[in-house]
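Asks: the following block contains a protein sequence and its predicted model.
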Amino acid sequence: MRRRFNIILFSLLILLFFILGFNYLRFYQDINACNDQGGRWNHNQKKCDRISQIKLDQLTDFYWYAAYDSLSEREILIKGNKLDSVKPSAFESIKILNRRKIPCKIVFNAIQADTIFIGITNEKFLAERKGISRVDYYIAETVFTLTENELINFVNISLNSEAHVNSGIYSRHGFQHLVYLKQ
């Protein structure tokens, strides 16, 4: 009788071990699948946040963007609400920035030390249609979003001479006057 009880108890423990082990492995398999597909696992919500699933109306939640402030009567840079929770890589940030409703696209060239090297295609659009201040905000959005990554402090931007902004190395310091700080 005692032996039979021990066998049943041992069988139940093994079954419990396999059930818990299966759930544990499935959980980490979901995390790995999410990371392999370019997403980021949200541990609080226990779900995968994928950059490619961002809808256009939610896009500004994932980068620094320019908006008009009626109180100060000027445009300011505002940090996207979900930028801290997602922490996109430099490549993900470029994908997000390239989804903005503007024909100019960012092309990744290289990363060296704490500087990312990028080019901007169709920058003639910035010069012709947007004017000087819009070019500044476009560059500021790009610089602030790319330097959100703690490994990147500077953005080296290659532009042709037709744009109102010169090619060069930019950092957040040059655009601090455009930033909105919540108090």
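Replies: Sure, I can see it. Numbers count the residues shown, from 1 in each chain.

Asks: how about the strands of the protein, start to end?
Replies: Secondary structure of the chain (DSSP state E): strands at 39-42, 47-50, 65-69, 74-78, 105-112, 115-121, 154-158, 168-170.

Asks: alpha carbons of the second one, as PDB, please.
Replies: C-alpha atoms of strand 47-50 as PDB (Å, rounded to 0.1, in the frame of the first residue of the first chain):
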ATOM      1  CA  LYS A  47       3.800  40.200 -25.000                       C
ATOM      2  CA  CYS A  48       5.900  41.100 -28.000                       C
ATOM      3  CA  ASP A  49       6.200  44.700 -29.100                       C
ATOM      4  CA  ARG A  50       7.100  44.800 -32.800                       C
END
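
Asks: I'd like the numbering to begin with 40 instead of 1 from here.
Replies: I'll keep to 40 as the first residue from here, and by that count the last item is strand 86-89.

Asks: give the pairing partners of it; include direction for each.
Replies: strand 78-81 (antiparallel) (DSSP bridges).

Asks: kindly report the domain assignment for this structure.
Replies: Under the assignment automatic domain parsing, the domains of the chain span 41-75, 94-217.

Asks: okay, and for this structure, where does confidence drop off?
Replies: The model of the chain has pLDDT under 70 over residues 75-77, 89-96, 125, 166-172, 199-204, 219-222.

Asks: mind listing what's buried in whichever helix in it runs longest?
Replies: Secondary structure of the chain per DSSP state H: the longest helix is helix 41-75. Buried residues in helix 41-75, defined by neighbour count with 16 or more other Cβ atoms under 10 Å: Ile70, Cys73. (C-beta placed from N, C-alpha, C; glycine too.)
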